[in-house]
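A.B. asks: kindly generate the corresponding structure for this input.
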Amino acid sequence: MSEETSNSGGEFEREPVPDSALLGSGKFWGMYAGEHAAGTEFMIGPLFLAAGASLSDLILGLLLGNMLAVLTWRFLVVPIAMAKRMTLYYQLERIAGGSLVKFYNLVNGLLFCFLAGAMVTVSASAVGVPFGITFDVPANMFGMSNPSFTVLVAIVGVVIATVAAGGYERVARVANIAAPWMIAVFAACGIVSLGQMDATSMAALSEGQFWSDAIAFVQEKNGPQTFGFWQIVVFAWLCNGAMHFGMADLSIFRFAKSKASGWAPAIGMFLGHYMAWISAGLLLAALIKLQPSLALGADGKVTANPGLLAFQSLGWAGIICVVIAGWTTANPTIYRAGLAFQGILPNSSRTAMTLVAGAVATIAGAFPNLSAKLLDFVGTYGTVLGPMGGVIFVDFYLMKKFGLQNEYATHSGTKINLAVMIAWLLPVAVGLYLIFQQGVFAAYAVIPCWIACGALYIVLSKFTQKASSDSQATASS
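C.D. replies: Residues are numbered from 1 along each chain as shown. The predicted structure is shown next:
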């Protein structure tokens, strides 16, 4: 083992993972179950109801969207991860150049921290319920909740960051322990909620009147919204676009011993993003039917308070589940962010950078609107981070077929591969314009930006690599 590997604590951040460090499929099934049957589900499920999604559209749309997500992980990410055995960040450094990747890593790490921060908020909302500490969503996007809740966020954030700093093995071990129990609690949440609403017959379920009544209540308080079938499909497929289309999970699957590990996201998608989202939505429907006043925030609008929703359904078991669910989502997300920050400062330790990521996530968790806007946020961060996965895909499969040099930055010594920089930033700029100025649903922009980025990378590389070859030939003559 090299000195660099020893110093990295066996995480192999800047070299391929050796055969001796590969992990069996069980590690991945446990991690994906823990990460995706987790804290976000307590927020996203109720947000579907609040956005006006019908129950039938939700059931069918999530089924199709989650199938597409699993297939993308298995056939897009895993083959490259197992062939290269490198982190996303080190692969990009070899393609795009060290200076450009440092900027990308900064953006990547910060967005992952914001996502983890939402999970810190979720866990803290549950911790606060027994102590009467409320989860208030302020009117301003960057407004803070009350001081007591902010203190809870700080405590929860410290615990989460400490676990994530222990490395992938510890993250996977925590997820393996927690996942089976959490999945059972999510199922119980849905079953109990249906019982509370007397929706226990097939006729009551097929009519879905309890769901429609809840939507009517929310829209009376919050204003009318619609969220149709194809929006649900695309959201379910691409809410983790940065992980699969964006290739962030190269950093996870580089440890995979066999391609069978690539099916592991299925447990997260169908027990988390399917069963758990629907169950969490039912929690809000039940609360609205039984105690509508508890569903209202200080501003008179309906607020999805994860801790309160779970407590009203399952009592202390619900509280504990929300705490651990937020924890197991934030752990691998902070781990990824730590790897991104280490890519900016390669000589720093992964542990130190993970703790920095944990601190940023904790600060983000103090702003509850981040978690309240998850439907928009996850699509936006997929639009920003996802297209760079198109560069990796093209570099791995197509560059040599077009007579171009793959991993160009490593072979040329350039610090900024202009072809990558333009190919990434231009589609992302257009995508963000459409999202924020034209009101396009954020998740719709992920795949067009990914395709545009990959195509531009090939076209621009034709010019930049030729220009580089010509200048080198002139210098040598």
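A.B. asks: mind telling me which residue is nearest the centre of the chain?
C.D. replies: For the chain, the residue nearest the mean C-alpha position is Asn240 (4.9 Å; CA atoms, centre = their mean).
A.B. asks: so who does that residue touch?
C.D. replies: Asn240 is in contact with 36, 69, 378, 382, counting by CB atoms under 8 Å, 6 or more residues apart in numbering. (Glycine included, C-beta is placed from N, CA and C.)
A.B. asks: at 7 Å what do you get?
C.D. replies: Asn240 is in contact with Ala69, counting by CB atoms under 7 Å, 6 or more residues apart in numbering.
A.B. asks: I'd assumed it was in a helix, is it?
C.D. replies: No - counting by DSSP: H, G, I helix; E, B strand; the rest coil, one finds Asn240 to be coil, located in no helix.
A.B. asks: please enumerate the helices of the stretch 301-450 of the chain.
C.D. replies: Using DSSP state H, counting those that start in this stretch, the helices of the stretch 301-450 of the chain run over 306-314, 316-344, 350-365, 369-372, 374-385, 387-397, 408-412, 418-437, 446-476.
A.B. asks: for those, give me a markdown table that also has distance to Leu290, mean pLDDT and mean neighbour count.
C.D. replies: Formatted as a markdown table, the helices of the stretch 301-450 of the chain follow (distance: least, CB to CB, whole Å; pLDDT from 0 to 100; neighbours: other CB atoms under 10 Å):
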| stretch | distance to Leu290 | mean pLDDT | mean neighbour count |
| --- | --- | --- | --- |
| helix 306-314 | 8 | 80 | 26 |
| helix 316-344 | 15 | 76 | 27 |
| helix 350-365 | 29 | 83 | 23 |
| helix 369-372 | 22 | 70 | 23 |
| helix 374-385 | 25 | 85 | 23 |
| helix 387-397 | 44 | 95 | 24 |
| helix 408-412 | 59 | 92 | 17 |
| helix 418-437 | 37 | 95 | 18 |
| helix 446-476 | 38 | 82 | 16 |
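A.B. asks: Serialize these to CSV and add fields for distance to Glu41.
C.D. replies: Compiled in CSV, the helices of the stretch 301-450 of the chain are given as follows (distance: least, CB to CB, whole Å):
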stretch, distance to Glu41
helix 306-314, 9
helix 316-344, 7
helix 350-365, 17
helix 369-372, 12
helix 374-385, 10
helix 387-397, 24
helix 408-412, 39
helix 418-437, 24
helix 446-476, 20
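A.B. asks: so for Leu250, which of these sits nearest?
C.D. replies: Nearest of the helices of the stretch 301-450 of the chain to Leu250, taken as CB to CB: helix 387-397 at 7.5 Å.
A.B. asks: run through who's touching that closest one.
C.D. replies: Defining contact as CB under 7 Å, 6+ apart, one finds that helix 387-397 is touched by 80, 91-92, 95, 104, 245-247, 406-407, 420, 423-424, 427-428, 449-451, 453-454, 457-458.
A.B. asks: please repeat the previous calculation with a cut-off of 8 Å.
C.D. replies: 76, 80, 83-84, 88, 91-92, 95-96, 104, 244-247, 250, 406-407, 420, 423-424, 427-428, 449-454, 457-458.
A.B. asks: what's the answer for stretch 306-313, then?
C.D. replies: With contact meaning CB under 8 Å, 6+ apart, stretch 306-313 is reached by 39, 42-43, 46, 122, 125-129, 135, 188-189, 192-193, 196, 280, 283-284, 286-287, 290-291, 294, 318-319, 321-322, 326.
A.B. asks: check those for burial and list the buried ones.
C.D. replies: When the contacts of stretch 306-313 are checked for burial by 16 or more other CB atoms under 10 Å, the buried set is 39, 42-43, 46, 122, 125-129, 135, 188-189, 192-193, 196, 280, 283-284, 286-287, 318-319, 321-322, 326.
A.B. asks: among those, which ones are in strands?
C.D. replies: Counting by DSSP state E, no part of the buried ones among the contacts of stretch 306-313 is found in strands.
A.B. asks: contacts only, for the spatially closest residue to Val107 that is not a sequence neighbour.
C.D. replies: What sits nearest to Val107 in space, not counting adjacent residues and going by CB to CB, 6 or more residues apart in numbering, is Val384, at 6.5 Å. Residues in contact with Val384 (CB under 8 Å, 6+ apart) are 107, 111, 242, 428, 431-432.
A.B. asks: which one among those gets closest to Ala359?
C.D. replies: Proximity of the contacts of Val384 to Ala359, judged by CB to CB, is greatest for Leu111, which lies at 15.7 Å.
A.B. asks: so what's the gap between the one helix or strand that closest one maps to and the chain middle?
C.D. replies: Assigned by DSSP states H and E, Leu111 falls within helix 98-128. The chain centre lies 9 Å from the centre of helix 98-128; the measure is CA atoms, centre = their mean, to the nearest Å.
A.B. asks: stretch 373-391 too?
C.D. replies: Relative to its parent chain, stretch 373-391 has a centroid offset of 9 Å by CA atoms, centre = their mean.
A.B. asks: and if you look at stretch 13-27?
C.D. replies: 22 Å.
A.B. asks: give the rounded mean pLDDT of that stretch.
C.D. replies: Rounded to a whole number, the mean pLDDT of stretch 13-27 is 82.
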